[in-house]
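Q: coordinates for the following, if possible.
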Amino acid sequence: MALEEICGLNKFGFMKGFDAQVKDWDQQQLQIATINLRNPYSLMAPPFENPAVNLPKILQQCNVRMEFDHGTTTLGFKYQGGVILCADSRATSGQYIGSQSMRKVVELTNYMLGTLAGGAADCVYWDRVLARECRLHELRYKSRMPVDAAARIMCNISTEYKGMGLAMGMMLAGCDDEGCKLIYVDSEGYRWNLTDEEAYDLARRAIYHATSKDAYSGGIVRLYHINDKGWKNICNTDCNDLHDIFCEETTSNDDQAHLPCTSKAWIEQKLRHDNVQARVAAVTMEKV
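A: This next block holds a predicted model:
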């Protein structure tokens, strides 16, 4: 045996016993399954093509029912004071509420935040990879990673794993040498010259109203503010508390009780609009 080891013959399969071959096979499978520990961009793919398309077919053949229902409410917008991010905290598994304290706003660096939407495992893993890359960039180049560069990393990841069942949506907000930026955001429903308090109120109301219409969203509304000085966690408010606050505004007047929970300014504007419409209708009827 010593001569075999010196000559290297013991490395050939036919020179190994069955137990040694099984052990080698187990080690190879373990290395394949944990390859992301050495290269975080490389994950073990499912053992068939087009997993997103073929997995439902395989489950149907096996009479296995697996529903991947998910819902998340996140909000981001820019205004004169910086960037606002706001998100709920409910995590669901199908119809089951798994957690009411999920952190869907991820602190990537002191000057960059990201939001989670989609599959929790996908989002959390790739956010950690992005946070690692941001830190390595700071160590190598002694400067912050640009928000555009961070967004490009996530875009490349999405393209690489397209068709493999990746479920991930993200907004990136941060400040770099070019100023404050927000990537992947809808720009409707606000004005640029908001004050800080108006921006905070808008963000809380938007998430609250969304959670009232989406059973997969809820829990804690986490509000963050990002500007050139870094990010700051403004508040973490339970949706039930926001419901009490916003609905109290609408119940102060009997004529307002049927209106949805929203701001006093919106209610007054709605009542004025209804009054004008009623007068126009009355004048039209008189002419007829």
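
Q: and the host helix or strand of N240, what other elements does it pack with?
A: According to DSSP states H and E, N240 maps onto helix 239-250. On a contact count with 3 or more Cβ pairs under 8 Å, 6 or more residues apart in numbering; DSSP states H and E, helix 239-250 meets helix 196-213, strand 220-227, helix 264-287. To be clear about C-beta, it is placed using only N, CA and C from the backbone, and glycine gets the same treatment.

Q: mind redoing it with 7 Å?
A: Identification of packing neighbours for helix 239-250 by 3 or more Cβ pairs under 7 Å, 6 or more residues apart in numbering; DSSP states H and E yields helix 196-213.

Q: quick one: list the elements packing against the helix it packs on.
A: Using 3+ Cβ pairs under 7 Å, 6+ apart, helix 196-213 sits against strand 74-79, strand 82-87, strand 220-227, helix 239-250.

Q: give the buried residues for stretch 221-238.
A: Neighbour counts over stretch 221-238 (16 or more other Cβ atoms under 10 Å) mark 221-226, 231, 234, 237 as buried.

Q: ok, of these, which one's closest to L172?
A: I226 (10.3 Å; Cβ to Cβ).

Q: what residues are up against the closest one?
A: The contact partners of I226, by Cβ atoms under 7 Å, 6 or more residues apart in numbering, come to 82-83, 85, 113, 173-175, 180.

Q: go again with 10 Å.
A: Going by Cβ atoms under 10 Å, 6 or more residues apart in numbering, I226 touches 76, 78, 81-85, 111-113, 173-175, 180-182, 232.

Q: what about D148, neighbour count?
A: D148 has 12 neighbours, counted by other Cβ atoms under 10 Å.

Q: meant to ask about Q100
A: Q100 has 14 neighbouring residues, counting by other Cβ under 10 Å.

Q: if I look at the residue nearest to it when sequence neighbours are not counted, how far off is G71?
A: Of all residues beyond its chain neighbours, the one nearest Q100 is G219 (3.9 Å), with distances taken as Cβ to Cβ, 6 or more residues apart in numbering. According to Cβ to Cβ, to the nearest Å, G219 stands 12 Å off from G71.

Q: what touches both of the two?
A: 88, 90, 211.

Q: name the SS class of the closest residue to the first one other than its chain neighbours, please.
A: On the basis of Cβ to Cβ, 6+ apart, the spatially nearest residue to D88 that is not a chain neighbour turns out to be S217, at 4.4 Å. Using DSSP: H, G, I helix; E, B strand; the rest coil, the secondary structure recorded for S217 is coil.

Q: and for C235?
A: Of the three states, C235 takes strand according to three-state DSSP.

Q: thinking it is in contact with R222, fair?
A: Yes: contact criterion Cβ atoms under 10 Å: C235 and R222 qualify, at 8.0 Å.

Q: ok so, going back, just the buried residues of the contacts of I226.
A: Buried among the contacts of I226 by 16+ other Cβ under 10 Å: 76, 78, 81-85, 111-113, 173-175, 180-182.

Q: pick out the most distant pair among those residues.
A: Counting by Cβ to Cβ, the most remote pair of the buried ones among the contacts of I226 is G81 and M112, 17.4 Å apart.

Q: just to revisit the earlier point, adding pLDDT and distance to L136 as columns, could you present the buried residues of stretch 221-238 in JSON lines?
A: Output for those, formatted as JSON lines (pLDDT from 0 to 100; distance: Cβ to Cβ, whole Å):
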{"residue": "V221", "pLDDT": "90", "distance to L136": "33"}
{"residue": "R222", "pLDDT": "91", "distance to L136": "27"}
{"residue": "L223", "pLDDT": "92", "distance to L136": "30"}
{"residue": "Y224", "pLDDT": "93", "distance to L136": "24"}
{"residue": "H225", "pLDDT": "93", "distance to L136": "27"}
{"residue": "I226", "pLDDT": "91", "distance to L136": "22"}
{"residue": "W231", "pLDDT": "92", "distance to L136": "20"}
{"residue": "I234", "pLDDT": "92", "distance to L136": "30"}
{"residue": "T237", "pLDDT": "89", "distance to L136": "35"}
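
Q: now render the residues you listed as TSV, adding distance to K104.
A: Converted to TSV, the buried residues of stretch 221-238 look like this (distance: Cβ to Cβ, whole Å):
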residue	distance to K104
V221	10
R222	7
L223	12
Y224	11
H225	16
I226	15
W231	15
I234	15
T237	14
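
Q: now do the strands in the stretch 1-150 of the chain.
A: With DSSP state E, counting those that start in this stretch as the criterion, the stretch 1-150 of the chain has strands at 74-79, 82-87, 91-93, 96-99, 105-109, 112-115, 117-118.
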